[in-house]
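S.K.: Predicted model follows, preceded by the sequence.
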Amino acid sequence: MSKFTPHTEDEIKQMLSDIGVKSVAALFSDIPADLKPKSFNLPAGMAEYEAFGKLNGLSAANKTERVLFMGGGYYDHFIPAAVDAMSSRAEFYTAYTPYQPEASQGTLQAIFEYQTMIAKLTGLDVSNASLYDGGTALYEAAAMAVRTNGRSRIIIDAGVNPIYRKILKTYVINQDIDIVEADLKDISTDREKIISLLDDRAAALILQTPNYFGIADDYTDLFKICDEKGITKISVFYPMSLGILKTPGEMGADIAVADGQSLGLPLSFGGPYLGIMAASKGYVRKMPGRIVGETLDKNGKKCYVLTLQAREQHIRREKATSNICSNQALCALRAVVYLSLLGKDGFRKISLLNLEKASYLKEKLAGFVEIKPGVTYNEFTVKLKSDAGEFVKKMEKAGFYAGIPASIYYPDKKNCLIVAVTEKRTLNEIDKFADAFKSALSQVA
Amino acid sequence: MENIFSKSVAGRTGVDAGKTDENTINKIPENLRRTVSNGLPELSELDVVRHFTGLSRENFSVDTNFYPLGSCTMKYNPKINEAVAALPGFTGLHPYTAMIDESAAQGALEVLYEISRQLCEITGMKRFTTQPYAGAHGELLGMLLTAAYHRKKGNNKKYVIVPESAHGTNPASAAAAGYSIITVKVDAEGGIDIDSLKEKMSDEVAAIMMTLPSTLGVFEKRIKEVIEIAGKHDTLMYYDGANLNAILGKLRPGDVGFDIVHINLHKTFSTPHGGGGPGSGVVGVSERLLDFLPVPVVAKDSSNRFILDYSVKNSIGQIASFFGNFGVILKAYTYILMLGREGLIDLSEKAVLNANYCMAKLKPFYDLPYDRICMHEVVFTAKRQAKNGVHATDIAKALIDRGIHPPTVYFPLVVEEAIMIEPTETESKQTIDVFIEAMKEIADTAAFEPQKIKDAPITTEISRPDETKAARDLKLTCF
Amino acid sequence: MEIKEGYFYSKEHEWVKIEGNTAKVGISDYAQHKLGDITFVDLPKTGKEVKQFALLTGIESVKAASDIFSPVSGKVTAVNSALEGAPEMVNKSPFEDGWIARLDITNPSETSNLMDAAAYKVYLDSLEG
């Protein structure tokens, strides 16, 4: 059994004597006998190496050797070793929330720098210190819109990540908020549909680019209409794409949300990820979550502190902007280190490299399979002649995770496969993938 | 320290991203390209490493300082946890893998299945979901489950009851699920006031949220009565697991009659706090709420394979993208395996021993609002010192000067000038004695030279920040 | 603790000064003291109509946030926009320069539901007890 309690028998005796009780059991005398556990049948503990051996076995039981061409909002990106090195520093990861600023300038300044980079990346004014993930960040953005203009209808494009849409629906079920989904025109935004829904009952319009099918779009026109009607403009983005694609700020968004997994976070079977939220100035006081601000100490020295805490649950309680307390601080740290390591030109280049490799594959595949038309970034949709779910299983045997069968969330798109390519895919891997793809197509089911 | 942008030099490059063909941009029409600079700094890898390494050294942390923050359970984070979470079979596993082909993610699914079983045995609940990313997220889920349960039964429920000592996330989460809050007083013993509860109780109360032991660090002696009262009105009982560290192996909320339990894995089960996150607020439910759990649930099929089960009859949907903070859950799972039955029982015993030791040794110097055996944490008040103008916040700052992270101050709200101390079980008598000495010395100084305490901290890089200025002259980015 | 004569006070520590058919509204010295350094006043929109004791707007300090309820029924005709750049005026001069809104009132006799300066003093003494 592993134990992290350091007490010796002598120390225990001394402490009990100081407390004035005869035994440790006496300290639990307030718990009535009939409330003792009905059972507590856990196995005996293990030594560290035994536990590690078991977990190592479980790790090996996951088939991660297959090459990833699967995205759907979560991507196999290059994580520089220095990101792990910085986030493994115990002074960062074993620290608490920076409520005592004099004891946490490290965390506070790192987060402040994170906020700055997110604001710059999105072309907006401010960012918060992080939320849980992209989906919950989207809910919070919708809630901000409702709080701001007092309306209750959310218009959301069906091209927005379907997982985010599910989370949104779950969250609002007991609130006076109604969600209206605008169906796609094939796999792109149906502008006519959206425009028909933009009226003075709409609190917000939510659009995603590139969308779930990989289609990149410029929503400036739709956002202009929102401005005329007092509708809050929410943009869901993909951080890696902002190295080269038009920013939410440039399109006129009020609030931009994303999952920051692509900024130095491993896939890790779904978490921990990073909820990113940026907004224009006017929305700052409505933003949920922690925010770091710059100020001076009593000696005039520049320093950082959690600010606007009057919005948060520990002060406002039931009137808080959100119930969020813990966030994803260490993940935000990884993101700021990642962005600092890549830097201005490095980030642009890696972003471009994603497009380059995806285009290379897209062009290769176009030779023998139908690619859905439209401008794409590092993800695109392939139209197969048969069920994509079956195809993916064939490709698994060839050593690839070939993509996401769209029918998981769009039942009418059974033959569509969404394929992603990141900078990590070597030309060799891509060539082999294309060959395996061609071969799998010609296999009889 | 100067911010990272001030260290930027135009043209400096950091990590190499690989060769790119600049002409690729032509694949994107001009109107879709970004035209404003991404504004990122330009630094070498060494610059970046020096910068963040330097920043880390400005932090207090569990690995460097004693951190007796009440209600946060800042226990030691075993390094083996970090090693496990870094295993490539976990870090490289795409969440969609399980949805495409369960057989490719059997290891990960087993972890999720097994931790639910472990936690069920620990808490007496019937099934756990790992979706909630944090305690507050778990509370929200609990409230959504509550609403779904009452909706199905056709109950007309409008309110959630919380004691006035509740953590702020309790009412905030209930409000986010559409409920109005009724606050009930705390009695002289620090427990929920039963008369006040009876008075405010009605058939319109959906749930009562409680923390056990209470946020005052004392055991709720009349908990059975509370459960009984709730039962009369079909009111669900919610257990906030923030203080679970006190009662492992001594009491199980499921046995007592709670319907919903959330556990803060980053408190009780040693996953690191990360400077504010990521945490994990897994939620366990009683029999009558099983049908409402979020999907997918991890189950076993007839050939003992792990599968994703979407067939939960009246599922509320999902509140997380996949399975919650898997990397955090791995750490808690490893910890529970290592401690086992005896280790978990030992954990709570030592946590409670340490806190009572703090209470006994500090009693002469600070006033104790509830003078009774405490559990894993003890609440003092700085009322005595406040008479001399020294407040809880000053004592906190003085501790920073002495290399100790302050305890929680000004929570719970029911105690004026509250100082909540939770040493945790991983601290030795030596460390605690140093803390006691420091607190004694602060009390003495507060009595005879109060200004010295009010001037603290003086040994840190920065002294007290102007928080008013921070909120009035908002500066939230470097530019 | 200053309590201005000629003003009426609500239990939530708002004050109102009646001037014919209009009223000026703000928070009392006790309220600003309890809140601490005011960091933000969410000024209501002109044209907003409120009933007595209904929510008028919100105010924030470093350590707290509070709702402001209108002590009288009426329609907001002006707000103290100086508070946008200098919220601290509410701390410095809660009864004068720190006024929050002006309303056209519909029912001057509503002051019978409020406390005068003397009654408010009694009320404050009872709170501190």
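M.R.: All right, it came through fine.
S.K.: Got the confidence number for the nearest residue to residue B:428 once chain neighbours are set aside?
M.R.: Spatial nearest neighbour of residue B:428, excluding adjacent residues (CB to CB, 6 or more residues apart in numbering or on different chains): residue A:6 at 4.3 Å. For glycine as for every other residue, the C-beta is placed from the backbone atoms N, C-alpha and C. Residue A:6 is assigned a predicted lDDT (pLDDT) of 97.
S.K.: next one: residue B:342
M.R.: On the pLDDT scale, residue B:342 is placed at 97.
S.K.: is the host helix or strand of it anywhere near chain A?
M.R.: Using DSSP states H and E, residue B:342 maps to helix B:326-362. Yes - shown here: helix B:326-362 in contact with chain A (CB under 8 Å from any CB of the partner chain) through B:326-328, B:330, B:333-334, B:336-347, B:349-350, B:352-354, B:356-357, B:359-361.
S.K.: In ChimeraX, how would I select the buried members of those residues?
M.R.: Buried subset of the residues of helix B:326-362 next to chain A, written as a ChimeraX selection, criterion 16 or more other CB atoms under 10 Å in any protein chain shown:
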select /B:326,327,328,330,333,334,336,337,338,339,340,341,343,344,345,346,347,349,350,352,353,354,356,357,359,360,361
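S.K.: mind listing what residue C:73 touches?
M.R.: By CB atoms under 8 Å, 6 or more residues apart in numbering or on different chains, the residues touching residue C:73 are C:50, C:51, C:52, C:105, C:106, C:107, C:110.
S.K.: Count the neighbours of the last one for me.
M.R.: Same thing as residue C:110. Residues near residue C:110, counting by other CB atoms under 10 Å in any protein chain shown, number 20.
S.K.: same question, the third one
M.R.: In terms of burial, residue C:52 registers 19 neighbours under the definition other CB under 10 Å.
S.K.: do you know how far it is from residue B:348?
M.R.: The gap separating residue C:52 from residue B:348 is 54 Å, by CB to CB, to the nearest Å.
S.K.: quick one: residue A:117 and residue B:39 touch, right?
M.R.: Yes - between residue A:117 and residue B:39 there is a contact under CB atoms under 8 Å: 7.3 Å.
S.K.: Neighbour count for those two, which is higher?
M.R.: residue A:117 (26 against 18).
S.K.: Can you name the residues that contact the more buried one?
M.R.: A:335, A:336, A:339, A:340, B:39, B:40.
S.K.: Could you tell me whether the fourth one really is in a strand?
M.R.: No - per DSSP: H, G, I helix; E, B strand; the rest coil, residue A:340 lies outside any strand segment and is helix.
S.K.: Could you say which helix or strand holds the nearest residue to it once chain neighbours are set aside?
M.R.: Spatial nearest neighbour of residue A:340, chain neighbours left out: residue B:48 (4.6 Å); criterion: CB to CB, 6+ apart. Secondary structure from DSSP H and E places residue B:48 in helix B:45-56.
S.K.: ok now that helix, how far from the chain's centre?
M.R.: Its chain's C-alpha centre and that of helix B:45-56 lie 28 Å apart, by CA atoms, centre = their mean, to the nearest Å.
S.K.: Over to stretch A:62-74?
M.R.: 16 Å.
S.K.: what does stretch A:409-417 give?
M.R.: 24 Å.
S.K.: Stretch A:256-273 now?
M.R.: When distances are taken as CA atoms, centre = their mean, stretch A:256-273 is centred 4 Å away from the chain's centroid.
S.K.: Alpha carbons of it, as CSV, please.
M.R.: Written as CSV, here are the backbone C-alpha positions of stretch A:256-273 (Å, rounded to 0.1, in the frame of the first residue of the first chain):
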residue,chain,number,x,y,z
ALA,A,256,-15.4,34.5,-30.2
VAL,A,257,-15.2,31.0,-28.6
ALA,A,258,-13.1,27.9,-29.4
ASP,A,259,-11.5,24.9,-28.0
GLY,A,260,-7.8,25.6,-27.5
GLN,A,261,-6.8,22.0,-27.7
SER,A,262,-4.9,22.8,-30.9
LEU,A,263,-2.6,25.1,-28.9
GLY,A,264,-0.2,22.7,-27.3
LEU,A,265,-2.6,20.3,-25.6
PRO,A,266,-2.5,16.5,-26.2
LEU,A,267,-5.6,14.7,-27.4
SER,A,268,-5.8,12.8,-24.1
PHE,A,269,-9.1,11.1,-24.9
GLY,A,270,-11.2,14.2,-24.5
GLY,A,271,-9.6,16.3,-21.8
PRO,A,272,-8.3,18.4,-20.2
TYR,A,273,-8.9,20.9,-23.0
